[in-house]
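K.L.:
Predicted model follows, preceded by the sequence.
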Amino acid sequence: MKNKHIQHLMEINLAMFFIATSGALGRYVQLSVPVTIGTRAILAFIVLLLFCKWKGINLRVEKKDIPVVLLSGFLMGTHWITYFYALKLSTVAIGMLSIFTYPVITAFLEPLLLKTKFQLIHLLLAVLVLTGMYFLSPTLDFENSYTIAIGFGVFSALAYALRNILLKQKVSKYDGSMLMVYQTLIVGVLLFPFLFTVSPDEILGQWEALLALAVLTTAIGHTLFLMTFKHFNITTVSILSSIQPVYGILIGAIFLSEIPKGTTILGGVLILSSVVIESIRSKRKT
């Protein structure tokens, strides 16, 4: 059982590493956000569909689950778009750390929506995260692009938390790759008209980064992440996933030379300390 728990923790860390590439790639791609996300979704849909066909994964969705799948796809698109705006307006560190208010949002929404027991420790972790958020942007100035970026990040976090809660009850029923097929299809369809706002040459000129976003970040990273929902409650998953900004900031520092400021590091330490606490708690419970 102990080895299984360690394996599940390693799986979520691997998923977070792949998803963390979104920070540097989101900053690197020089296209409008809707075009970037639309292209990413369409490419990821093709890759995931081929994978499901190759593996013989059933793509059928029961009629009663269609509204949940549609809504979760819309929320995923909302999360991606607002997150990428946060990245464009700030740095990898600010953009990634701001969306990691989502574990706190999840901790409060999960008991309401899934009727699970509210835990006081999650309130204490919320205080840690919110204090960390203060250090990310000590001055509340809505003319400051960083403040606006954090606003986008928090809204992105809300959409992400709702999407994860919705899909929590479906991962035991459907394969993670299959769910991501529909997520990417919905986002791709919604954003497809934006692809006509740029020339094909502009998109093709950045095909390497867009393909990396589609395959590494989306097809592999998000599918692995969905699969971890089977092993932990959704609040624990969201808190454990807060290791993602660490990977993202390191990738940004290496490839974009974006070195975070001291206050950003302090805020990040406070936010990510919740990962250590929840990791220890989840291991003891297991």
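P.N.:
Perfect, I can see it now. Numbers count the residues shown, from 1 in each chain.

K.L.:
Pull the number of nearby residues for Asp175.
P.N.:
17 (other Cβ atoms under 10 Å). For the C-beta atoms, the positions are set from N, CA and C on the backbone; glycine is no exception.

K.L.:
contacting residues around it?
P.N.:
When contacts are counted by Cβ atoms under 8 Å, 6 or more residues apart in numbering, Asp175 touches 52, 57-58.

K.L.:
Include secondary structure and neighbour count when you put the residues you listed into a markdown table, please.
P.N.:
Shown next, in a markdown table, are the contacts of Asp175 (DSSP: H, G, I helix; E, B strand; the rest coil; neighbours: other Cβ atoms under 10 Å):
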| residue | secondary structure | neighbour count |
| --- | --- | --- |
| Cys52 | helix | 17 |
| Ile57 | coil | 16 |
| Asn58 | coil | 9 |
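
K.L.:
element containing the residue nearest to Tyr102 when sequence neighbours are not counted, please.
P.N.:
With Cβ to Cβ, 6 or more residues apart in numbering as the criterion, Tyr102 has its nearest non-adjacent residue at 3.6 Å, and that residue is Ala157. With secondary structure defined by DSSP states H and E, Ala157 is part of helix 145-168.

K.L.:
Show me what counts as buried in the very next helix or strand once past that helix.
P.N.:
Heading C-terminal from helix 145-168, the first helix or strand you meet, by DSSP H and E, is helix 176-191. Within helix 176-191, the residues that count as buried by 16 or more other Cβ atoms under 10 Å are 176-188, 190-191.

K.L.:
Any idea which of these the model trusts least?
P.N.:
Minimum pLDDT across the buried residues of helix 176-191 is recorded for Gly176, with 85.

K.L.:
Next one: the closest residue to it other than its chain neighbours from Ser177, what distance?
P.N.:
Closest residue to Gly176 in three dimensions, ignoring its sequence neighbours and counting by Cβ to Cβ, 6+ apart: Leu226, at 3.7 Å. From Leu226 across to Ser177, the span is 8 Å (Cβ to Cβ, to the nearest Å).

K.L.:
Glu202 too?
P.N.:
In terms of Cβ to Cβ, Glu202 sits 30 Å off from Ser177.

K.L.:
residues near Leu128, how many?
P.N.:
Neighbour count for Leu128, taken as other Cβ under 10 Å: 17.

K.L.:
go on, Thr264?
P.N.:
Count around Thr264 with other Cβ under 10 Å applied: 21.

K.L.:
Pull the contacting residues for it.
P.N.:
Applying Cβ under 8 Å, 6+ apart to Thr264 gives the contacts 91, 93-94, 97, 135-136.
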